[in-house]
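Q: sequence unknown, structure follows:
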């Protein structure tokens, strides 16, 4: 008999079926026992009246993997309107040791560190699993949106010969006796690949040796990177980003609707045109001094509230960040060269995406590095490529864990990361 | 005027259009000049008769990025049956420095090391770019096949606290003052995630400090990993692998048909049931001694020829490898415990996939490690999870670069890798 999943039971009323999964909960009452079996599709209720089966059940602790055969009976008071009766229960392994917290309660009561220490079982809790399903759906939507716009997926090195972006916050390693570093982003590679495919994206790990222990930083996170050529300026990039976000949220709703329901959240609308304010205006809105060089988290929160109030939007672009605060490859605003053609996207008052137009002329790279007093040599393999013809281009990077945390209302990115890595955590 | 791509020209005969791309080639004849522009869709021929435009063209070396406006005219002798006439040519950047090899010749004549040293331009050659398009299509097919079978995509740590799989061939790094290692595979994590989602996959980088300089090893490669629970044994895994391969090749044909044509190859058929031979039979077919513990590359080649000859198949499963040659988490064949429920898949006589059924009982892990004289402690976070109920499960890992190399006929995996990493190469 072919195994069926829990959500298929209602289509088999009156039939004998076989299900399999984990012992999610047992309730041993006087004359009857209820066994809740959890599988990848949800929960199934099994009603046990046979004393022999009931006795077996007593030995099978929560999380034991079992196979249950029985007859499907409609019961409006059962969780999904059906239950399995007259069951035989066969363990598919030894009785499980119960996890250090109850997985059958509506919420995990264990502290986050305890959950993370026991991630392989904590993630079985429906709320933790739901967040990861949302994550998978978001990534699928990211790719589908870009595939539809003729982007090509790439895979680039995660180990590099010289530290990129900035000298700080890099992990050093030994590469066959040579010093090397974990890549902080695929920035340089995705730009080079614009020269090959015009439009590229990459989904992959990036590494930041963040010495801060905060709720929004991880030392490894999944970066959703895109880069496109033949743009007029950063606004062409913002249009693609808007459509990509809409695709991600559409995919979450479509592919992970049940997970959203488990978490009690709905995906927000992405406006056809996301409101955008220039950095100088943003300072005023946030009540920050006009000479502030960057936006602090409190400013971002104030801007998020403003966007919701004034534009009914959960999203807000802040454009024209000062050049001094952006990386050297950032393209300046030709009309106001102290400001950049770079932007951030705030999602509910939190920086979620950084992007912008990049320099595309070799001479501009040399000048930008010289202006910052940085040598060209560590960047040679990257900068030299711009001698061979690169179109005006730009791109963006979305932090997956931040996106999912913000969407699901998780206060800590670790709640939506399967096995987080940070200052303190290297296992499991 | 909206830019169009080269492959759209034939739909615009008689109209004025704008294209943009790279100066692929110039042919300056006596009374006429031909400019071939390369964009992401292919090549476009531009005919220049105006002496002023022709003079401009003389300054724009190969790979300069240009925008060309002109009138589309049908010309059966032109490459795509159309050409652009009466053009104006506007460079979108400074004149390019020509690459150290000609990109317009049918094949790159530079040595592979030279190509790799100048990867950002070498990859612009239609054949190199085509291989990467095949790669992207293959990965899309991998995901689509597994999505359709209810697998959930995961992202797991690439830095781990203890070396996995084997003590050798790991890259060590400094993690905030603690020793850590680059992950050699997501093996342990994907198994743990079977406990959460039953079926999972991951596409991501893996790292092997391979001290060998061979045509089929990279120190970083892209691993296509899948793992599924509630299997009877390894044969259930082989069925999913077969369907996944069919999905990958179908996707390559559908999404990268032009790239296959550029490379002059077609995707092979995957038989409805891929032929399978037990390891002990395989030795006989390959003419190897019956006490040989593993298959050498020459044996694999002989088996590949046999599969093609006897079964008309480019693919061959070899099952039942000796336990002594498989990792400790491998499930033995219950009927012949010296042999495993592990398999390799050969593609055209090269090992492409390794997979099998894994142990799922905690006690079996302890026994397997003890039998190998390995301590449990480095594996504790992994092995402990098996105390909490894991179903019988198995999975496989496909090496993306090997798959693409074998499919496209590349003799060296570096030819189908954008920026390879190996014993000698850490840049670009």
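A: Yep, it's here. Keep in mind the model is a prediction, meaning the values are calculated, not measured.

Q: what's across from residue A:72 in the sheet?
A: Residue A:72 forms beta bridges with residue A:84, as assigned by DSSP bridges.

Q: now do it, the pLDDT please.
A: pLDDT for residue A:72: 98.

Q: that one against residue A:13, yeah?
A: Yes - counting by CB atoms under 8 Å, residue A:13 is a contact partner of residue A:72 at 5.1 Å. Using the backbone N, CA and C atoms, a C-beta is placed for each residue, glycine as well.

Q: shared neighbours of those two, anything?
A: Common neighbours of residue A:72 and residue A:13 (criterion: CB atoms under 8 Å, 6 or more residues apart in numbering or on different chains): residue A:82.

Q: and the closest residue to residue A:62 other than its chain neighbours, what is it in contact with?
A: With sequence-adjacent residues excluded and distances taken as CB to CB, 6 or more residues apart in numbering or on different chains, residue A:62 is closest to residue A:98, at 4.9 Å. By CB under 8 Å, 6+ apart, the contact list for residue A:98 reads A:61, A:62, A:63, B:388.

Q: let's go with 10 Å and repeat that
A: Residues in contact with residue A:98 (CB atoms under 10 Å, 6 or more residues apart in numbering or on different chains) are A:23, A:61, A:62, A:63, A:64, A:121, B:387, B:388, B:389.

Q: the first one contacts residue B:389, doesn't it?
A: Yes - the pair formed by residue A:23 and residue B:389 meets the contact definition of CB atoms under 10 Å, at 7.5 Å.

Q: which phi and psi does residue A:377 have?
A: According to degrees, to the nearest 10, the main-chain angles of residue A:377 amount to phi -50, psi -50.

Q: was I right to think it contacts residue A:366?
A: No - Residue A:377 lies out of contact with residue A:366 (CB under 10 Å); the separation is 11.8 Å.

Q: of those two, who's got more company?
A: When neighbours are counted by other CB atoms under 10 Å in any protein chain shown, residue A:377 and residue A:366 differ, and residue A:366 comes out ahead with 15 against 10.

Q: list the buried ones in the helix or strand harbouring the more buried one?
A: Following DSSP states H and E, one finds residue A:366 within helix A:362-371. Within helix A:362-371, the residues that count as buried by 16 or more other CB atoms under 10 Å in any protein chain shown are A:362, A:364, A:365, A:368, A:369.

Q: point out where chain A drops to low pLDDT.
A: Chain A contains residues with pLDDT under 70 at A:164-167.

Q: where along it do the helices fall?
A: Using DSSP state H, the helices of chain A run over residues A:51-59, A:112-117, A:119-122, A:126-147, A:187-197, A:234-255, A:257-263, A:279-286, A:297-311, A:362-371, A:380-383, A:400-408.

Q: can I get the ones you listed in TSV with distance to chain B?
A: Converted to TSV, the helices of chain A look like this (distance: least, CB to the nearest CB, whole Å):
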stretch	distance to chain B
helix A:51-59	13
helix A:112-117	9
helix A:119-122	4
helix A:126-147	4
helix A:187-197	4
helix A:234-255	8
helix A:257-263	10
helix A:279-286	27
helix A:297-311	23
helix A:362-371	7
helix A:380-383	3
helix A:400-408	7
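
Q: distance to residue B:324 for these - can I get that in TSV?
A: Shown next, in TSV, are those (distance: least, CB to CB, whole Å):
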stretch	distance to residue B:324
helix A:51-59	36
helix A:112-117	35
helix A:119-122	29
helix A:126-147	37
helix A:187-197	41
helix A:234-255	43
helix A:257-263	43
helix A:279-286	64
helix A:297-311	56
helix A:362-371	55
helix A:380-383	44
helix A:400-408	41
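
Q: nearest to residue A:210, out of those helices?
A: helix A:400-408 (13.0 Å; CB to CB).

Q: what residues are shared contacts of residue A:23 and residue B:389?
A: Both residue A:23 and residue B:389 are in contact with A:60, A:61, A:62, A:63, A:64, A:65, A:66, A:91, A:95, A:96, A:98, where contact means CB under 10 Å, 6+ apart.

Q: list just the nearest of the residues you listed to residue B:335.
A: Using CB to CB, residue A:91 is the member of the shared contacts of residue A:23 and residue B:389 that lies nearest residue B:335, at 22.0 Å.

Q: that older thread, just the buried residues of helix A:362-371 now: which is nearest residue A:200?
A: Closest approach to residue A:200 among the buried residues of helix A:362-371 (CB to CB): residue A:365, at 19.5 Å.

Q: higher neighbour count, residue A:72 and residue A:13?
A: Between residue A:72 and residue A:13, counting by other CB under 10 Å, residue A:72 is the more crowded of the two (22 against 14).

Q: hmm, the more buried one is touching residue A:10, no?
A: Yes - the pair residue A:72 / residue A:10 is scored as a contact, 7.9 Å apart, by CB under 10 Å.

Q: ok, and for stretch A:31-51, which residues are buried?
A: Buried residues in stretch A:31-51, counted by 16+ other CB under 10 Å: A:33-48.

Q: repeat for stretch A:313-328
A: Using 16+ other CB under 10 Å as the test for burial, stretch A:313-328 gives A:313-323, A:326-328.

Q: restrict the buried residues of stretch A:31-51 to those near chain B?
A: Among the buried residues of stretch A:31-51, the ones lying near chain B by CB under 10 Å from any CB of the partner chain are A:39, A:40, A:41.

Q: check the buried residues of stretch A:31-51 and tell me the two furthest apart.
A: Distance extremes for the buried residues of stretch A:31-51: the farthest pair is A:33 and A:40 at 24.1 Å, using CB to CB.

Q: tell me the one of the buried residues of stretch A:31-51 nearest chain B?
A: Nearest to chain B out of the buried residues of stretch A:31-51 is residue A:40 (CB to the nearest CB; 4.0 Å).

Q: and that closest one, what does it touch?
A: By CB under 10 Å, 6+ apart, the contact set of residue A:40 is A:5-7, A:21, A:129, B:150-152, B:194, B:196-200, B:229-230.

Q: most neighbours of all these, which one?
A: Ranked by neighbours (other CB under 10 Å), the contacts of residue A:40 are led by residue B:200, which has 30 neighbours.

Q: enumerate the beta-bridge partners assigned to it.
A: residue B:152, residue B:227.

Q: my read is that it contacts residue B:187, right?
A: No - assessed by CB under 10 Å, residue B:200 is found out of contact with residue B:187, at 11.9 Å.

Q: who touches both of those two?
A: Common neighbours of residue B:200 and residue B:187, using CB under 10 Å, 6+ apart, are B:156, B:225, B:227, B:395.

Q: mind checking which of those are in strands?
A: B:225, B:227, B:395 (DSSP state E).

Q: so how far is residue A:384 from the first one?
A: Taking CB to CB, to the nearest Å as the criterion, residue B:225 is separated from residue A:384 by 35 Å.

Q: who has more neighbours out of the two?
A: A direct count of neighbours by other CB under 10 Å for residue B:225 and residue A:384 places residue B:225 higher, at 23 against 17.

Q: in chain A, where's the longest strand?
A: strand A:16-28.

Q: do it and chain B come into contact?
A: Yes - with CB under 10 Å from any CB as the measure, strand A:16-28 is seen reaching chain B through A:20, A:21, A:22, A:23.
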